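Chemist: sequence first, predicted model second:
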Amino acid sequence: MSSRKFFTFFLGEDMFGIDILLVREIIHGFSLTKVELSPEHVSGLLNLRGQVVTVIDPAIALSMDRVKPSENICLILKPESELNRLAVPLSISEGIGEDSAGLMLDDIGDVIEFPEDEIEPSPANLKGINGKFLSGVVRKDGELMLIMNISEVLNSSVL
Amino acid sequence: MKLGLEDDAELVGELVQESKEHLSNIEPDLLLLEEKGADVSPDLVNRVFRAMHSIKGGFSFLGFMNITNLAHVMETVLSRVRDGDLTATPDVVDALLAGSDKLTELIDNYAESEGISIAKHLESLEVFRTGSGAAPTEKDKISEKEETEAPETKEPEKKEEKPSAQVEASEVLAGAKEPALNAPVSGNEKGKSVAIVESLRVKLDLLNSLMNLAGELVLTRNQIVSQMNQRASVIMGGSALQEKIGDLTAQSSKSVIDGANALGASLNGEFEALVEKEFKRVEDRFFGLLSSPLSEVQSIKSVVQQVDFLTSDMQEKIMATRLQPVGAVFSKLPRIVRDLTRSLNKQVKLETSGEDVELDKSIIEALSDPLTHLLRNCLDHAIEIPDEREKAGKLPEGKVEVAAYHEGDQVIIKIADDGRGINPDAVKGKAVEKNVITQEEAGLMSDKKAQELIFAPGFSMAAKVTGVSGRGVGMDVVKTNIEKLGGTIQLDSSVGRGTVVLLKLPLTMAIISSLLVEVRGRQFAVPQSSLDDIVRIRAEDVAKRVEVLGDSAVIRQRGKLLPLIRLSDVLGMQNRIKNPKSGELIEDNRNRIVDKRQKPLKSIFKSMFAEIENESEESASEASTAVPSDLLAKRSGKERRKNTRSAMHILVLKVGIHRFGLVVDELLNNEEIVVKPLSSFLKKCKCYGGATILGDGKVAMILDPTGIANYMEMKFTDVEQENLAQENLDAKKQEVESQRLLMFKNGTEENFVMNIDLVSRIDKVPATDIECVDKKEFIQYQGKSLRVLRLHDFLPVSKPETDPEIMYVIIPKLVKHKLGIIASEVLDVANTDSKLNTESVSGLGMLGSSIIDGKLSIFVDIYSLFESAEPEHFKHTTSGKLLNGKRILLAEDTAFFRHVTIKYLEGAGCEVDFAENGEKAWNMLNSDTKYDMLLTDINMPRLNGIELTKKVRSSSTLKNLPVVACTSLGFERDRELGLSAGIDAYEMKLDKERLVKTILQVFEEKGGGNV
């Protein structure tokens, strides 16, 4: 049975994971330019070596109860073209889009590897999070890791 | 043999690319073929033939039989043309063009090409292929053998008059080998030989990523330079320190030595030397520490400068790789003209120039549709059918010119036609019908503005919808598209003569020059292209200059109202005002423009005033000095914030024909910025045109004026209507042509007035200098004695009781016999458009009365006054009705002059009708042809005297009508213009004697009409 590696991070107290293949890099200590009139969950824009990255606050996209990201940590996602070049399976890369996007995180956790069959489908509603934003959950030592459906989170903000 | 597509995707790709280039060259050649007809040069046919042959060869090699067969039939038809068996009649060329269109379609969809039917095209071509002439050399299917040989054959042999089958083969083969490299635009019909510059195909992806990298390099360069400058200033500060230390050590060593000397003279030179040495050592070490960074900075600085220079250069070069000649777009036009003129039964000659002017590829691509649309419009609406053109005295063949040229850092594309022009009235009518404007607005609108209505959304001019144009998605789309490219569109149309449309385009889109502004401590970039003006209003003037109209705050600028919005309100930023007591910034929630529940704008500027009032004490002194915007940028943050409150900075932005003012806190500097498109997450934020990275590495948003105006649902209407009303008022004022009047007194209550144009000069005279001789009074004037008149002696007005010591003499001009008028007091010169009341006051020497500045004033008629004073000088003109029985039409917009002139003319026995403006006069002339003469003013609203005369002269029924012009100005330029327009004579207004004389003269010369 094949296994997948997940990058884990925290939004408030909740642990989330995304497939490590989607992660380009983690950056700290950047300055964010707020964009007035933008959808609420767009935190702003940052300059990543000359590239403008749109930073999303997933906690807001997920309607989570959290005031503000506690730390200035941003996870930069790979755009779709890069994922395709790296031959990342479509099941993971689908719907990521061409825009350079990043996610505001509260904290980062470990990289965890799971056999695929340990991933359970997500319930319709989990801790107040709409199930469509999750592509599964994994239980580990009594803790719950929510696998974030990145494409849903990103596309929710287009609306 | 059919190759697997997967294996040879690249090969097919190249072939498709190459074939499309061939096809784009074939089209103009075919058109030329048609034009030349029977005298076609073999070179031309061969060129087309070869291109077709290489398409056929390539695709047959890969096994695309539909493409191969179609190309083959076309090639065969071409070979018959070349051999002289077939003439390229329009029908033949039609079939070939249709075939080439089909080929393009097939090649575009090569994978499905086998499923697309080509039967119709084969059939129509077949007719020409199997004519009665000699059978073509090649038969139906081509052997693969021949084709596979193709790529290995020898160099082209071009000069063949009558090719034999063998020679043809070699040509054909050469054709197949002809490199597709020599360019997309070699389709220049004249067969110009283009010097071949070596070139290479580069994938667009690669170019795009190079572009991006160059953009990023520019940004990095900007960051390096800005950091460099910061460091340098710190270190330069260090060098000043160095000097100070030098001074200090020298001083210290001296004072130690002096101190020591003071202690006792016993010290020998050794001590001094030691002290100096020690201090020197300290100093040297210090300098060493300081100077090493200084010299390092110097050397780094030169490197940075070099990098700076190279970056700019490289960026320019990379940008140039994306430039393409506009010829790529122009080459499509002849075909459009040909097809359209055939279907519309018009004759049009297309002239293109400037094909080699280059623009960014993305602009070239986006230009194609608007340009095509404009050309179609030209052909459909502007160019008349040949009959109509001949009737209008034009050549039956219309002319459309499409030209590209550079102007500054822009490229201009000009589309000019000699068609019927845009009729402003027709446009207005249509716009009213389509609810684009109201009837009322239409009435007020100038012709130029009316013509620009064709760019309004939802406007389509065609009387009926045709397949060619008039689908209602017309010029507004063209305009939007051009504006999307960062360009502008200009229209200049004159009825009957044609229309010129100018498209002004930037060379490239990726880097734009912008003005950086600051609001609430945040920076934004505003594209220079949409910036019309910058207005700075000083604090103390804000309350005075900002007015509230309806829901908008406005200022007056160049006589027009400019609606204002604050950028912070647009963006919904919290407006912070300073607490006057604590000095703390507090949130001001009283009025957020985006909060639609509240009444917008109206209250906003109240808070703006409030802000200023809060600050006025501390900023009063500062605000009184105008600070140039570039200096502002250098101020420290604290000062800057203070300044925010003291003055108002307004960016005047253009959005189509609208303008509005965007209020910002600060103007920073101009910067060339790289436009980074917004991600899809932000596509809904219409206020931004993109983002950019500034020199300090921060991301800044680029503002989009169109988006801002739309987002704010900016109600231009209030302001527009006000502006229209203003224009209307101006026009009306012009219509009555306010006159400037000299107001004076004659020692009594009444005011007297006369037209200032009639006054030569006014002199002061001591009352004692007025001499009385034989009941007539005289003064010495310019060495002669001049008779002066007292008004009460000639007019029925009361006599003053006493004379003041100093009197005034008004000396009129434009009179043959000079006299002066005595006045007790000269009051003022007033502008007035008051109506002249001719009934309340009547009598010789008076024209009438009017209320001016609240006082009854009597208009003095100097001519009749003088006439009654010295009848002997006026005898010959008054002794009889010289113009008896003549009917004259007077076109005069000023009531005063109209009245006076009518009075004069009627006095001479004429019958006079009048019109208030040229347009009305023109209508009157056309409805009643019994006028003997047109007497016209030059400056009139709607239709001026010159234009009116031109119309008269070009009319078949009126062209011999005598025309005399009256002017109060007597400018030579007017006179020349008038004479060339066909005016028979000029005369001054208000000079009765000369006017009548001139009219008589003209009647004598021209024959007196219906006497």
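Modeler: Noted; the coordinates are in hand.
Chemist: stretch A:147-154: which residues count as buried?
Modeler: A:147-154 (16 or more other C-beta atoms under 10 Å in any protein chain shown). The C-beta positions use only the backbone N, C-alpha and C, and glycine is treated the same way.
Chemist: near chain B, from these?
Modeler: Filtering these for proximity to chain B (criterion: C-beta under 8 Å from any C-beta of the partner chain) leaves residue A:154.
Chemist: isn't residue B:506 right up against residue B:482?
Modeler: No - the criterion here is C-beta atoms under 8 Å, and residue B:506 misses it with residue B:482 at 10.7 Å.
Chemist: what does chain A put close to chain B?
Modeler: Chain A has residues A:31, A:33-39, A:42, A:44-47, A:49-52, A:54, A:56, A:97, A:99-101, A:154, A:157-158 near chain B, with proximity defined as C-beta under 8 Å from any C-beta.
Chemist: make a ChimeraX selection of the buried ones in those residues.
Modeler: Buried members of those, defined by 16+ other C-beta under 10 Å, are picked up in ChimeraX with:
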select /A:33,35,36,37,38,39,42,44,45,46,47,50,52,54,56,97,99,100,101,154,157
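Chemist: just the ones of the residues of chain A next to chain B in helices?
Modeler: Assigned to helices by DSSP state H, the following of the residues of chain A next to chain B qualify: residue A:154.
Chemist: let's see which of the residues of chain A next to chain B end up in strands.
Modeler: When DSSP state E is applied, the residues of chain A next to chain B are split such that A:42, A:44-47, A:51-52, A:54, A:56, A:101 fall in strands.
Chemist: lowest-confidence entry in those residues?
Modeler: Within those, pLDDT reaches its minimum at residue A:51, with 80.
Chemist: measure that one to residue B:795 for me?
Modeler: Distance from residue A:51 to residue B:795, counting by C-beta to C-beta, to the nearest Å: 88 Å.
Chemist: with residue B:756 instead?
Modeler: When distance is defined by C-beta to C-beta, residue B:756 is 20 Å away from residue B:795.
Chemist: which one's more surrounded, those two?
Modeler: residue B:795 (23 against 15; other C-beta atoms under 10 Å in any protein chain shown).
Chemist: so what's the closest residue to that one other than its chain neighbours scoring on pLDDT?
Modeler: Sequence neighbours aside, residue B:845 is the residue nearest to residue B:795 in space, at 4.8 Å (criterion: C-beta to C-beta, 6 or more residues apart in numbering or on different chains). Note for residue B:845: predicted pLDDT of 74.
Chemist: repeat for residue B:142
Modeler: 41.
Chemist: now swap in residue B:59 and tell me
Modeler: pLDDT, read off for residue B:59, is 83.
Chemist: wait, it touches residue B:70, no?
Modeler: No - in this structure residue B:59 lies outside contact range of residue B:70 using C-beta under 8 Å: 9.5 Å.
Chemist: so is residue B:757 in a helix, a strand, or just coil?
Modeler: Three-state assignment for residue B:757 (DSSP: H, G, I helix; E, B strand; the rest coil): helix.
Chemist: what ranges does chain A have for its strands?
Modeler: Using DSSP E, the strands of chain A run over residues A:3-11, A:14-19, A:23-28, A:42-48, A:51-56, A:73-77, A:101-105, A:107-115, A:125-126, A:129-130, A:134-140, A:143-148.
Chemist: count the residues that sit near the residue of the stretch 251-400 of chain B found nearest chain A.
Modeler: Closest approach between the stretch 251-400 of chain B and chain A, counting by C-beta to the nearest C-beta: residue B:311, at 12.6 Å. Using other C-beta under 10 Å, residue B:311 has 19 neighbouring residues.
Chemist: how near is the residue nearest to it when sequence neighbours are not counted to chain A?
Modeler: Excluding the flanking residues, the one nearest residue B:311 by C-beta to C-beta, 6+ apart is residue B:221, at 4.4 Å. Counting by C-beta to the nearest C-beta, to the nearest Å, the gap from residue B:221 to chain A is 11 Å.
Chemist: and the host helix or strand of residue B:221 with strand A:42-48, angle?
Modeler: In this assignment (DSSP states H and E), residue B:221 forms part of helix B:204-263. Orientation check (axes from the mean of the first three to the mean of the last three C-alpha atoms, to 10 degrees): helix B:204-263 against strand A:42-48 gives 70 degrees.
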